[in-house]
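Chemist: mind folding the following:
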Amino acid sequence: MSLLIGANGSGKSNFISLFDLLNQMMEGKFQLSVQRAGGADTFLYFGQKVTDEIRISLTFGQNAYSCVWIPTADDSLIFSDEVCYFHNDQNYPRPFEVSLGTGHRESKLPEKAKEERVAGYVLDSIKSWNVYHFHDTSKSAHVKKTGDINDNLCLRSDAGNLAAFLYLLRNTSSSHYEMIRDTIRQVAPFFGDFVLRPMPENENKIRLEWRERGSDYPFLAHHMSDGTLRFICLATLLLQPKPPSTILIDEPELGLHPYAINVLASLMRSASKRSQLIVSTQSVTLVNQFDAEDLLVVDRKEHATTIERVDSERLTEWLEDYAIGDLWEKNVLGGRP
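Modeler: Take a look at the predicted model:
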């Protein structure tokens, strides 16, 4: 469990976004993602006049991946280098290296993974990193729209297929479905159950409906408060029977009641036993539910983002009188403006 804390603008969301970009890159959408974000200058620190390349280096288990992106005249990014490799404690860092080339616009890792085992391991690891944002609960949010009933292979990053995914869980994993429903009732006592059914006019479509306790009248998703809808998305993500191996969530506490945040913390601790959980937060209430060893402090020093583990030993006396979130608020941990 890793909980990222820090001031606004310190780089927490950028750190989370990197994993999202890498995931998109493995789907062949690197150029699309760069252009949607505003082009190469959006990623380069102070633009191309100050920063001429971006280096990425990742190590996970005995496998690793690195690449270098450089800007082009059309404000795009291309690979000047891309490598994956296998290492171990006896022969570090690159006993077996797989070069993926230079000058390409999309990652060559998916193609190489078809013929090279190390590349396959690296690709599977990167694709298993799932970033979730449940911030959008506007009228046009995907989670409130009608969707395909068969769009249920996994919960999408914005929970846009929440109705289809819950419909699948109810039919194939009733115990997990009931756990999700009962957890929602903890923070929304009025909630009775979901009304999950194919649309009468088109059985291939479904939308999120629900009912209150003691009533059989079906409400739509837009009849829920934003906080309740976000909590439903979070509960479904963290209580599903087969969660992703790595889950990243940006500010999950947004719009939640303090009690709901406490329940969320319990869900996160439980989920961290099955998945690697990386969460950025601004909530003292949420931080108070965790131990010092769970925290990563994000600071901006001399125009650079630094991420450091909290030294729990130096806080021993402090923790006798204060919760860890209170120490963050008092600027004992860092991570403040």
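Chemist: contacts only, for residue 112.
Modeler: Under the criterion of CB atoms under 8 Å, 6 or more residues apart in numbering, the neighbours of residue 112 are 84, 98, 100, 119. In short, each C-beta sits where N, CA and C put it, glycine included.
Chemist: any weak-confidence spans in the chain?
Modeler: The chain contains residues with pLDDT under 70 at 88-95.
Chemist: circling back to that earlier point, among the contacts of residue 112, which lie within strands?
Modeler: Assigned to strands by DSSP state E, the following of the contacts of residue 112 qualify: 84, 98.
Chemist: just among the contacts of residue 112, which is most surrounded?
Modeler: Sorting these by how many neighbours each has (other CB atoms under 10 Å) puts residue 84 first, at 28 neighbours.
Chemist: would you turn the contacts of residue 112 into TSV with distance to residue 168?
Modeler: Listed next are the contacts of residue 112 as TSV, based on distance: CB to CB, whole Å:
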residue	distance to residue 168
84	34
98	37
100	36
119	32
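Chemist: in the stretch 151-300 of the chain, which spans are helices?
Modeler: Listed from the start of the chain, the stretch 151-300 of the chain has helices (DSSP state H, counting those that start in this stretch) covering 162-172, 174-187, 226-239, 258-271, 284-287.
Chemist: burial of residue 172, as a residue count?
Modeler: Burial of residue 172, expressed as a neighbour count using other CB under 10 Å, amounts to 11.
Chemist: ok, it to residue 266 distance?
Modeler: With distances defined as CB to CB, to the nearest Å, the gap from residue 172 to residue 266 amounts to 25 Å.
Chemist: one more: residue 222?
Modeler: With distances taken as CB to CB, residue 222 is found 28 Å from residue 266.
Chemist: which of the contacts of residue 112 sits closest to residue 135?
Modeler: Minimum separation from residue 135 among these (CB to CB) is found for residue 84, which lies at 32.9 Å.
Chemist: which strand residues bridge that closest one?
Modeler: For residue 84, the beta-bridge assignment (DSSP bridges) gives partners residue 65, residue 98.
Chemist: ok so, going back, which one of the helices of the stretch 151-300 of the chain lies closest to residue 40?
Modeler: Closest to residue 40 of these is helix 226-239 (CB to CB; 32.4 Å).
Chemist: if you count neighbours, what's buried in that closest one?
Modeler: When neighbours are counted by 16 or more other CB atoms under 10 Å, the buried residues of helix 226-239 are found to be 226-239.
Chemist: just name the closest of the contacts of residue 112 to residue 28, please.
Modeler: Closest approach to residue 28 among the contacts of residue 112 (CB to CB): residue 100, at 14.1 Å.
Chemist: residues contacting residue 230?
Modeler: For residue 230, the contacting residues are 134-135, 137, 252, 254-256, by CB under 8 Å, 6+ apart.
Chemist: out of those, which are buried?
Modeler: Among the contacts of residue 230, those scoring as buried are 134, 137, 252, 254-256 (criterion: 16+ other CB under 10 Å).
Chemist: pick out the most distant pair among the residues you listed.
Modeler: In these, the most distant members under the criterion CB to CB are 137 and 252, with 13.2 Å between them.
Chemist: separation between residue 207 and residue 140?
Modeler: Separation of residue 207 from residue 140 (CB to CB): 14 Å.
Chemist: of these two, which one has the most company?
Modeler: Under the criterion of other CB under 10 Å, the comparison of residue 207 against residue 140 puts residue 207 first, with 21 against 7.
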